[in-house]
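1. Predicted model and sequence below, questions to follow.
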Amino acid sequence: MGLVLYDTLQRKKVPFEPAVKGHVGIYVCGPTVYADPHLGHARGPIVYDVLRRYFLHQGYKVRFVSNITDVGHLTDDADQGEDKIQKRAKLEQLEPMEVAEKYTWSYFDAMQALNVLRPSIAPRASGHIPEQLELTQRLLERGFAYVRGGSVYFRVRAFPEYGKLSGKRLEELRAGARVEVREEKEDPLDFALWKAAEPGHLMRWKSPWGEGYPGWHIECTAMSLKYLGEGFDLHAGGIDLQFPHHECEIAQAEAAGYRFARHWMHHNHVLLEGEKMAKSTGNLVLLHDLLKAHEPMALRFYLLQTHYRSPMDFTFQGLEAAERGYARLLQAYREVRARKAQAPSGTTPELERALDALEKAFLEAIEDDLSTPEALAAFFTFLPELNRLLPEAGRESLERAEGVFHTLGEGILGLFPERVLEEKVSGPLLQGLMALLLELREEARRARDFAKADLIRERLKALGVIVEDTKEGPKWRLA
Ligand SMILES: Nc1ncnc2c1ncn2[C@@H]1O[C@H](COP(=O)(O)OP(=O)(O)OP(=O)(O)O)[C@@H](O)[C@H]1O
Ligand SMILES: [Zn+2]
C-alpha cells in the first residue's frame, strides 16, 4: 500500500513519496532549552522517531534534523518580551550558554532513556547566525523585508500566501493583532527576522544593521534549508507551532525564492487537566520525575497508545494501565525467547498464520497516517493466540515470532531495547534465594540427610557458586 500521511498544508491524507528515491529528509522543531523537559516534549520526538524507524525498516536512508533553540525565542512567542534563555540565566546566575548547555543535555538524556534515536544533526541556532544573516539579507534585497531601528522585519503584505498553512486570513489576523506602544513595524502582522539588541542584552552578534540577535522563525528556515536542501520531504512539530512559527518559516523560505518543505506534520498536545502542558505556565509533569519512577518504555508505550493528531490527557491511572499493558507484551516477548531454546524443530502453521496477520495489520496501521494505537492493538490481538500456542510451538515459528517482536516492536515502535530483554536478578533477590538454599541444606544436615546436603552443594557448584562450611556456618561465593 505505501505510507499515507495527513499533510497539514493540504489538509488531507496524501501518499508520501520522497523527493529523492531511497532518501528521506525530515526536520523537526526542537525545544527551547531553558528548563527541564516535561512529558509534552517527549510526544513529538517519539512520534517522529517511529516514523523515522518505519522509513529505516523500509530501507530508506534518513537524514533526521532536529534543532536546539538556544537564542531568539522571546517570552511572548512573538517579537516582544525577554529572551527565554537570558531570563533563566539571570535567575540561575549563569551565562546564557550555560543555561542552554545544561538543558540541552537534560533533554538529550531524557530522549536517550526513551529510546529515541539521536538526530542525524541537532543544529544549535546560535551556531548558524551567518546563515540566518544571509537569508535576512536576501529577503531585504528581494523587497520582502525592511530595516527599522537596527531590526529587520518581514513584510507580510508582500507575501500574499501568508496564512496558507494555518488557514488564517490576513484581514482577520490584522483585526485581532495587538498594536504595540512603540511600534516600528509597517504592519502589526510583520515579524522580526533580526532584532536590535537593547543595552544589557547578553546574546548579541554583529550584523550589517548593528548588534542584535535573530528572530526565532528565521533559525529553523535557515537550518532546515542548509542541512536538507530545497524541497525537502517533511517538516514537523507541535500544533502550537503551526501558527505563527511554521507559517513564518514558509513565508521566509518562499519569499527568498526557495522551495520549502513538501509535507507538513503536526502532533497534538499532551494535556494536564485539560490544559496544554507547558514550561511557561508551569502546568507540567517533568520527564525526569516520571523516568525515575516508571519504566521508560512503559511511558513510551503510553504515549503511542493515542494517535498523534489527537490530544492526550495525562493521568497517573492511564500511565499505570499502560505499564500493565506493556508488561504483558514484554513478558510474551521474553517467553518466546526463552522457549525457543528448548522447542523441538519445526513450524507451527497456526502460529505462522497469526504472525502473518500481525505483520499485515501492523504495517497497515503504521502506513495509515502512523496509527500507533492500531499497531499496538495488532499485537494485543496476537497475544492470546501466541500464549495458547506457545507450549507446543516449533522452534522455527518461535524464531520468526522473536524476529517480529524485534523488527516491529523494537525496530519500528522502539519499545524493546536490549536492556529490557535481559532477565534481571537483583542483588536482594539473589541474596534471599541463596540464604534459602543454605537454610534447606542445613536442615538436611541436621536430619543427617547428607546425600541431599551434598547434592545441593554439587548443584550450586555446577552453577558456579561455591559453598564453604565455616565455624560461623555455611558461606557462599561465586567461583
Ligand atoms: N504539551 C505538549 N504536548 C506536545 N508537544 C509539546 C507540548 N509542549 C511543547 N511541545 C512541543 O515541544 C517542542 C518544543 O517546544 P517549546 O520548547 O516551545 O516548549 P513549551 O513547553 O511549549 O514552552 P513554552 O511553554 O515556554 O512555550 C515543540 O515542537 C512544541 O510543539
Ligand atoms: Zn522551528
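-> Received the coordinates, thanks. Residues are numbered from 1 along each chain as shown. Ligands and ions are numbered 1, 2, ... in the order given.
2. can you confirm residue 402 is in a helix?
-> Yes. Judged by DSSP: H, G, I helix; E, B strand; the rest coil, residue 402 forms part of a helix.
3. Residue 258 touches residue 225, doesn't it?
-> Yes. Under the criterion of CB atoms under 8 Å, residue 258 makes contact with residue 225 at 5.9 Å. The C-beta positions use only the backbone N, C-alpha and C, and glycine is treated the same way.
4. ok, then the element right after the longest helix along the chain?
-> The single longest helix within the chain, with elements called by DSSP state H, is helix 316-342. Counting by DSSP states H and E, the element after helix 316-342 in chain order, helix or strand, is helix 349-367.
5. Okay, buried residues for stretch 2-20 please.
-> Residues of stretch 2-20 classed as buried by neighbour count (16 or more other CB atoms under 10 Å): 3, 5-9, 14, 16, 18.
6. got JSON lines for the residues you listed, with secondary structure too?
-> Output for the buried residues of stretch 2-20, formatted as JSON lines (three-state DSSP):
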{"residue": "3", "secondary structure": "coil"}
{"residue": "5", "secondary structure": "strand"}
{"residue": "6", "secondary structure": "strand"}
{"residue": "7", "secondary structure": "strand"}
{"residue": "8", "secondary structure": "coil"}
{"residue": "9", "secondary structure": "coil"}
{"residue": "14", "secondary structure": "strand"}
{"residue": "16", "secondary structure": "coil"}
{"residue": "18", "secondary structure": "coil"}
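7. so where do the helices sit in the stretch 1-150 of the chain?
-> For the stretch 1-150 of the chain, the helices defined by DSSP state H, counting those that start in this stretch occupy 40-57, 84-92, 96-113, 129-141.
8. still on that earlier bit, determine which two of the buried residues of stretch 2-20 are furthest apart.
-> Using CB to CB, the buried residues of stretch 2-20 reach their maximum pairwise distance at 8 and 18, which is 18.0 Å.
9. any residues touching the least confident helix or strand in the chain by mean pLDDT, and which ones?
-> In the chain, no helix or strand scores lower on mean pLDDT, DSSP states H and E than helix 170-176, which sits at a mean of 82. Under the contact criterion CB atoms under 8 Å, 6 or more residues apart in numbering, helix 170-176 has outside partners 156-157, 162-163, 187-189.
10. Go again with 10 Å.
-> Helix 170-176 is contacted by residues 156-157, 159-160, 162-163, 166, 168-169, 187-189, 243-244, 247 when judged by CB atoms under 10 Å, 6 or more residues apart in numbering.
11. List the buried residues for it?
-> In helix 170-176, counting by 16+ other CB under 10 Å, buried: residue 173.
12. hang on, the earlier thing: higher neighbour count, residue 258 and residue 225?
-> Taking other CB atoms under 10 Å, residue 258 and residue 225 do not tie; residue 225 has more neighbours (23 against 15).
13. where's that one, which helix or strand?
-> Counting by DSSP H and E, the element that carries residue 225 is helix 216-228.
14. quick one: contacts for the residue in the chain that ligand 1 sits nearest to?
-> Per CB to the nearest ligand atom, residue 238 is where the chain lies closest to ligand 1, at 1.9 Å. Contacts for residue 238 (CB under 10 Å, 6+ apart) come out as 28-29, 40-41, 43-44, 245-246, 266-270, 276.
15. switch to 7 Å and redo it
-> 44, 266-267, 269 (CB atoms under 7 Å, 6 or more residues apart in numbering).
16. Can you tell me which of these has the most neighbours?
-> That'd be residue 44 among those, by other CB under 10 Å, with 28 neighbours.
17. Verify the contact between that one and residue 26 for me.
-> No. Using CB atoms under 7 Å, residue 44 is not in contact with residue 26; the gap is 11.6 Å.
18. And the one helix or strand residue 247 maps to, what does it pack against?
-> Assigned by DSSP H and E, residue 247 belongs to helix 247-255. On a contact count with 3 or more CB pairs under 7 Å, 6 or more residues apart in numbering; DSSP states H and E, helix 247-255 meets helix 129-141, strand 151-154, helix 216-228.
19. The first one close to ligand 2?
-> It refers to helix 129-141. No. Judged by CB under 5 Å from the ion, helix 129-141 makes no contact with ligand 2; its nearest approach is 12.4 Å.
20. Packing partners of that helix?
-> So helix 129-141, by 3+ CB pairs under 7 Å, 6+ apart, packs with strand 151-154, strand 191-196, helix 216-228, helix 247-255.
21. Not counting its neighbours along the chain, what's nearest residue 405?
-> Distances taken as CB to CB, 6 or more residues apart in numbering place residue 333 nearest to residue 405, at 4.4 Å, with adjacent residues excluded.
22. Please apply the same query to residue 245.
-> Counting by CB to CB, 6+ apart, the residue nearest residue 245 is residue 217, at 5.7 Å.
23. what's the burial count for residue 36?
-> Residue 36: 18 surrounding residues under other CB under 10 Å.
24. for it, what are its contacts?
-> 103, 106, 286, 288.
25. if we go to 10 Å?
-> Listed by CB under 10 Å, 6+ apart, the contact partners of residue 36 are 102-103, 106-107, 109-110, 279, 284, 286-289.
26. closest to ligand 2 among the residues you listed?
-> Using CB to the ion, residue 107 is the member of the contacts of residue 36 that lies nearest ligand 2, at 14.8 Å.
27. can you pull the contacts of that closest one?
-> By CB under 10 Å, 6+ apart, residue 107 lies in contact with 30-31, 33, 35-37, 41-42, 45, 68, 122, 287.
28. one more time with 6 Å, if that's ok
-> Taking CB atoms under 6 Å, 6 or more residues apart in numbering, we find residue 107 in contact with 31, 37.
29. How about residue 34: what's its closest non-neighbour residue?
-> Counting by CB to CB, 6+ apart, the nearest residue to residue 34 once its immediate chain neighbours are dropped is residue 88, at 4.2 Å.
30. meant to ask about residue 23
-> Nearest residue to residue 23, sequence neighbours excluded (CB to CB, 6+ apart): residue 61, at 5.0 Å.
31. Within range of ligand 1, give me the residues from this protein.
-> Selection of the chain residues close to ligand 1 by CB under 6 Å from any ligand atom yields 29, 31-32, 40-41, 43-44, 237-238, 240-241, 269-270, 276-280.
32. circling back: run through the neighbouring helices and strands of the longest helix of the chain.
-> Helices and strands touching helix 316-342, by 3 or more CB pairs under 6 Å, 6 or more residues apart in numbering; DSSP states H and E, are helix 296-304, helix 395-404.
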